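>>> dropping a prediction and its sequence here:
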Amino acid sequence: MSEKIGEKSFLKKCEASREASFETRSAPKTERKFELNFEIRPEIKPQKKYFISERFQCIMNKLVKSITMSFKSNSVQVVCLSVLGFCAGVFLTCLLITARRPDFRHGVGGLETTAEPEYEENLSSLLADVENDIALADAAEDSALTEAVLPESDSIITYQTYRVKAGDMIGFIADAFDVTQDTIISVNNIKQSRLIQPGQYLKIPSMPGIIYTVKKNGETAATIAEKYKVNAEKTAFANNISLDSELKAGTSLFVPEAELDWATRQEINGDLFKKPLHARYWLSSNYGWRNSPFNAGARTFHGGIDMAVSQGTPIYAALDGTVTAVGYNATYGNYVIITHHSGYKTLYGHMKSTACRKGNFVYTNTVIGYVGSTGMSTGPHLHFTVYKNGKTINPMAVLN
């Protein structure tokens, strides 16, 4: 209330001083009486405008004074300083992150070839056996088709075709048909279980088991059953052969109740290898064809993946195994090669330094070296290659 009274008195003083100055300036003289009476009417509006502007100026001065006084209080100063400190912290954090982030355009390197390496087996041909079933299933509009492959018996094998629906997983499908995941994976030649798509057709056998391809001439149902620790008579009967019938290399037969080996299952499920970098990284170069970073305009085949990260980041073994090579060359710089089971090898290149020796057995939690930029490299990164039976494969297909 006192503030309002003070403001009113302040405005009255402003008006009084303004009127006094107005009367002083506009006092009439006797000799100009006629002129003053004639000219005073058009001067009324300008004087009113001038008075209003003076009043507005008084109000603005009062407002500025109030804001200034408020800012001088301790609470307002604390709030303002807190906001400024927060903004400065955000700015410095963004600056540090940007400074530490490697330029993925420069963190590339590794061996390049002008032609794609040949695979030991053509993966696309493995799915050829399913094409006829897909055509039949399309015509039947998702109806189940069955066909007997052996004479009627307790061990008869029948197949039906199942169309994958949205949200399906191999484990769910296997449980629904009372078979194992290995059965569906093997019968349908699935190489990456995570890549099954809605609308895809799968062959489902009437009993659990896997497809086995004879490796060399002379194998029999008995020797195959012994290898997988299953019933030999059931294996022979399921394939309509005798126990001692010698089979030719390349012959495929169904082995009831057999399972895939652990390494094959992990590979198909994409869980065989762990990432060799436990820190965050940028995938600066994929496996396959790319524009060469060393030869402008050339397209070359890159046999691994490049993982760009800060120099000095620890590198771990992607899978348990034995270190079979530690050295330096012009392409990979400081490198390490580890030999694993089932024909797998991994190569780690461009290291700043190595932390293992040839002959060491390493685990997935063993540090084998540190990220660098040695050899043919445009910046700090790890070149990671996976070999299967001497041939490079896409590491992203087997990394967990």
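That came in fine, so what should we check first? No experiment lies behind these values; they were computed from the predicted model shown.
>>> SS state for Phe172?
Secondary structure, DSSP: H, G, I helix; E, B strand; the rest coil: Phe172 is helix.
>>> measure how buried it is and give me the count.
11 (other CB atoms under 10 Å). Yep, even glycine has a C-beta here, placed from its N, CA and C like the rest.
>>> please renumber the chain so that the first residue is 31 from this point on.
From this message on, residue numbering opens at 31, which makes the last subject Phe202.
>>> what about it, distance to Glu287?
As defined by CB to CB, to the nearest Å, Phe202 lies at a distance of 21 Å from Glu287.
>>> now do the helices in this structure.
Shown for the chain, the helices assigned by DSSP state H span residues 32-55, 63-69, 74-101, 104-130, 161-170, 200-206, 211-217, 251-258, 262-268, 292-298.
>>> packing partners of the fourth one?
The reference is to helix 104-130. For helix 104-130, the elements it packs on are helix 74-101, judged by 3 or more CB pairs under 8 Å, 6 or more residues apart in numbering; DSSP states H and E.
>>> where does the chain dip in pLDDT?
Low-confidence regions of the chain, defined here as pLDDT under 70, cover residues 31-82, 99-107, 127-136, 140-185.
>>> can you list the domains in it?
With domains defined by automatic domain parsing, the chain comprises 32-101, 153-298, 312-427.
>>> now tabulate those in a markdown table and tack on distance to Lys304.
Shown next, in a markdown table, are the domains of the chain (distance: least, CB to CB, whole Å):
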| stretch | distance to Lys304 |
| --- | --- |
| domain 32-101 | 58 |
| domain 153-298 | 11 |
| domain 312-427 | 5 |
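>>> looking at the ones you listed, which is nearest to Lys305?
For the domains of the chain, distance to Lys305 was read as CB to CB. The smallest value, 7.1 Å, belongs to domain 312-427.
>>> and the closest one, end to end?
Domain 312-427 stretches 17 Å from its first residue to its last (CA to CA, to the nearest Å).
>>> so Lys418 sits against Gly373, correct?
Yes: with contact defined as CB atoms under 8 Å, Lys418 reaches Gly373; the gap is 5.7 Å.
>>> related to what we said a few turns ago, which one of the domains of the chain is the most hemmed in?
Most buried of the domains of the chain, by mean neighbour count (mean count of other CB atoms under 10 Å): domain 312-427, with a mean of 18.
>>> centre of the chain to that domain, how far?
Here the centre of domain 312-427 is set off from its chain's centre by 20 Å, with CA atoms, centre = their mean, to the nearest Å.
>>> likewise for stretch 111-118?
Relative to its chain's centre, stretch 111-118 lies at 34 Å (CA atoms, centre = their mean).
>>> pull the CA atoms of that stretch into CSV?
Only the C-alpha atoms of stretch 111-118 are listed here, as CSV (Å, rounded to 0.1, in the frame of the first residue of the first chain):
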residue,chain,number,x,y,z
LEU,A,111,25.3,-17.1,-10.9
SER,A,112,23.9,-20.7,-10.7
VAL,A,113,22.4,-20.4,-14.2
LEU,A,114,25.6,-19.0,-15.6
GLY,A,115,27.6,-21.8,-13.9
PHE,A,116,25.3,-24.5,-15.3
CYS,A,117,25.6,-23.1,-18.9
ALA,A,118,29.4,-22.9,-18.6
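>>> residues in contact with His308?
Taking CB atoms under 8 Å, 6 or more residues apart in numbering as the criterion, His308 is in contact with 344, 346.
>>> let's see that with 10 Å instead.
Residues in contact with His308 (CB atoms under 10 Å, 6 or more residues apart in numbering) are 343-346, 394-395, 397.
>>> cool, and Asp350?
Residues 304, 368, 370-371, 391-396 are the ones in contact with Asp350 under the rule CB under 10 Å, 6+ apart.
>>> same thing but at 8 Å, please
Applying CB under 8 Å, 6+ apart, one finds that Asp350 lies in contact with 370, 391-394.
>>> so which of the residues you listed belong to strands?
Secondary structure of those is defined by DSSP state E; positions in strands are 391-392.
>>> nearest to Leu125, of the contacts of Asp350?
Thr394 (35.2 Å).
>>> tally of neighbours for the residue nearest to the closest one when sequence neighbours are not counted?
Here the nearest residue to Thr394 in space, its sequence neighbours aside, is Lys304; by CB to CB, 6 or more residues apart in numbering that works out to 4.9 Å. Neighbour count for Lys304, taken as other CB under 10 Å: 16.
>>> touching, Lys304 and Phe414? I think so.
No: taking CB under 8 Å as the contact criterion, Lys304 and Phe414 are not neighbours in contact, 11.4 Å apart.
>>> need the residues touching each of those two.
Common neighbours of Lys304 and Phe414, counting by CB under 8 Å, 6+ apart, are Ala348.
>>> what sits against the residue nearest to Thr394?
346, 348-349, 394, 429-430.
>>> got those residues as a markdown table, with distance to Trp292 columns?
Converted to a markdown table, the contacts of Lys304 look like this (distance: CB to CB, whole Å):
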| residue | distance to Trp292 |
| --- | --- |
| Tyr346 | 21 |
| Ala348 | 16 |
| Leu349 | 12 |
| Thr394 | 15 |
| Leu429 | 17 |
| Asn430 | 14 |
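>>> okay but Gly229 is in contact with Ala196, surely?
No: applying CB under 8 Å as the test, Gly229 and Ala196 come out as separate, 9.1 Å apart.
>>> returning to what we had before: JSON lines for the contacts of His308, including distance to Gly139?
Written out in JSON lines, the entries for the contacts of His308 read as follows (distance: CB to CB, whole Å):
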{"residue": "Thr343", "distance to Gly139": "16"}
{"residue": "Pro344", "distance to Gly139": "19"}
{"residue": "Ile345", "distance to Gly139": "15"}
{"residue": "Tyr346", "distance to Gly139": "20"}
{"residue": "Thr394", "distance to Gly139": "24"}
{"residue": "Asn395", "distance to Gly139": "26"}
{"residue": "Val397", "distance to Gly139": "21"}
